[in-house]
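Visitor: Next one to model:
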Amino acid sequence: MNHPPFIDLWLLRYESVALAGGPAWFSEEEHARLASMHHPRRRLEFVLGRRLLRHALQSRYPNAFRGWRVEAPETGRPFLETEDSSPPPTFSISHCKGHVACALAPMGPIGVDVECIGTRKRDVASLSAAVLHPIEQERLAASNAVDRERLFLRFWTLKEALAKALGLGLAIPMRELAIVDDRLVHAPTEIESPDWRFHSLEKDALWVALAWKNADAAPHLRVNCVEAQNLRG
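Guide: Okay, here's the model as predicted:
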């Protein structure tokens, strides 16, 4: 697949969605995972995340996506398995209340994280002491009170996006990471690399962060918004 460098970011907003079960195209593993989830919100997030991924794949790869299936190992990041030798794209999915984000890249690890702005009160001082690197804490302390929560969310979501790209989740040493001005300025030796790229944006009361590993210049980012009722499949 010879496509120009790109990252597709899909944002799904929903309010109430009736969920009877998984779509017919779910694999046996996906149906089993859904059946093991007992919390209604978690079940809904799982189904909408998979549907948004399928929508993104169908939009970008209309002739190939049906031959791909999601593999979700117990450790590491989920990935697409293909029936031929062509490398499938990489993806990442994130949720916050009433929203799902899905990032799609042609190759290399990618992670996305999304947080809702202003939906709950955050103790930014305590949270920053627990998860931010001293460099980030210094930058946060120098910011004005109005911008402080957004700056904290920028730091936090970039770390989460990197953790997802690495497949480490919350096992990543958050306080040992410093991502400032979309650059990885401090990290443990096993994570540090000049090839990490970052981007963050605010969209419709959401803070969205992306992390991907690519030695080339930053690819083109396309942001797409879709409502639940307009999802394909």
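
Visitor: any idea where the helices of this protein begin and end?
Guide: Along the chain, counting by DSSP state H, helices occupy 28-35, 40-60, 124-131, 134-141, 145-166.

Visitor: Let's see the pLDDT reported for Pro4.
Guide: You'll see Pro4 listed with a pLDDT of 49.

Visitor: and what of Gly233?
Guide: Here the pLDDT value assigned to Gly233 is 66.

Visitor: about what we covered before: out of the helices of the chain, which one sits most buried?
Guide: Neighbour counts (mean count of other Cβ atoms under 10 Å) averaged over each of the helices of the chain peak at helix 145-166, with a mean of 21. Backbone N, C-alpha and C define where each C-beta goes, glycine included.

Visitor: what is the orientation angle of that helix with helix 134-141?
Guide: Calculated by axes from the mean of the first three to the mean of the last three Cα atoms, to 10 degrees, helix 145-166 forms an angle of 150 degrees with helix 134-141.

Visitor: Only C-alpha atoms, please: export helix 145-166 in CSV.
Guide: Output of helix 145-166 as CSV, limited to C-alpha atoms (Å, rounded to 0.1, in the frame of the first residue of the first chain):
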residue,chain,number,x,y,z
ALA,A,145,-4.9,30.1,36.6
VAL,A,146,-7.2,30.2,33.6
ASP,A,147,-5.0,28.1,31.4
ARG,A,148,-3.7,25.7,34.1
GLU,A,149,-6.2,22.9,33.6
ARG,A,150,-5.7,22.9,29.8
LEU,A,151,-1.9,22.9,30.2
PHE,A,152,-2.1,20.0,32.7
LEU,A,153,-4.4,18.1,30.3
ARG,A,154,-2.0,18.7,27.5
PHE,A,155,0.9,17.2,29.5
TRP,A,156,-1.2,14.3,30.8
THR,A,157,-2.8,13.3,27.5
LEU,A,158,0.6,13.4,25.7
LYS,A,159,2.0,11.0,28.3
GLU,A,160,-1.1,8.7,27.9
ALA,A,161,-0.8,8.8,24.1
LEU,A,162,2.9,7.8,24.4
ALA,A,163,2.1,5.0,26.8
LYS,A,164,-0.5,3.6,24.4
ALA,A,165,1.9,3.9,21.5
LEU,A,166,4.4,1.9,23.5
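
Visitor: low-confidence ranges in the protein?
Guide: Residue ranges of the chain with pLDDT under 70: 1-5, 215-218, 233.

Visitor: before we move on, back to that, Throw the helices of the chain into JSON lines and include distance to Val70, thanks.
Guide: Compiled in JSON lines, the helices of the chain are given as follows (distance: least, Cβ to Cβ, whole Å):
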{"stretch": "helix 28-35", "distance to Val70": "7"}
{"stretch": "helix 40-60", "distance to Val70": "7"}
{"stretch": "helix 124-131", "distance to Val70": "29"}
{"stretch": "helix 134-141", "distance to Val70": "33"}
{"stretch": "helix 145-166", "distance to Val70": "15"}
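
Visitor: and Glu227, which of those helices is closest to it?
Guide: For the helices of the chain, proximity to Glu227 was assessed by Cβ to Cβ; helix 40-60 is nearest, at 11.0 Å.

Visitor: Could you check how far the closest one is from the centre of its chain?
Guide: From the chain centre to the centre of helix 40-60 is a distance of 12 Å (Cα atoms, centre = their mean, to the nearest Å).

Visitor: Pull that helix out as PDB, backbone CA atoms only.
Guide: Output of helix 40-60 as PDB, limited to C-alpha atoms (Å, rounded to 0.1, in the frame of the first residue of the first chain):
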ATOM      1  CA  PRO A  40     -23.100  -0.900  30.400                       C
ATOM      2  CA  ARG A  41     -20.900   2.100  29.700                       C
ATOM      3  CA  ARG A  42     -17.800  -0.100  29.200                       C
ATOM      4  CA  ARG A  43     -19.700  -2.300  26.800                       C
ATOM      5  CA  LEU A  44     -20.900   0.700  24.800                       C
ATOM      6  CA  GLU A  45     -17.400   2.200  24.700                       C
ATOM      7  CA  PHE A  46     -16.000  -1.100  23.400                       C
ATOM      8  CA  VAL A  47     -18.500  -1.500  20.600                       C
ATOM      9  CA  LEU A  48     -18.400   2.200  19.600                       C
ATOM     10  CA  GLY A  49     -14.600   2.100  19.600                       C
ATOM     11  CA  ARG A  50     -14.600  -1.000  17.300                       C
ATOM     12  CA  ARG A  51     -17.200   0.600  15.000                       C
ATOM     13  CA  LEU A  52     -15.300   3.800  14.800                       C
ATOM     14  CA  LEU A  53     -12.100   1.900  13.900                       C
ATOM     15  CA  ARG A  54     -14.000   0.000  11.200                       C
ATOM     16  CA  HIS A  55     -15.500   3.300   9.900                       C
ATOM     17  CA  ALA A  56     -12.000   4.800   9.700                       C
ATOM     18  CA  LEU A  57     -10.500   1.800   7.900                       C
ATOM     19  CA  GLN A  58     -13.400   1.600   5.400                       C
ATOM     20  CA  SER A  59     -13.000   5.300   4.700                       C
ATOM     21  CA  ARG A  60      -9.300   5.000   4.100                       C
END
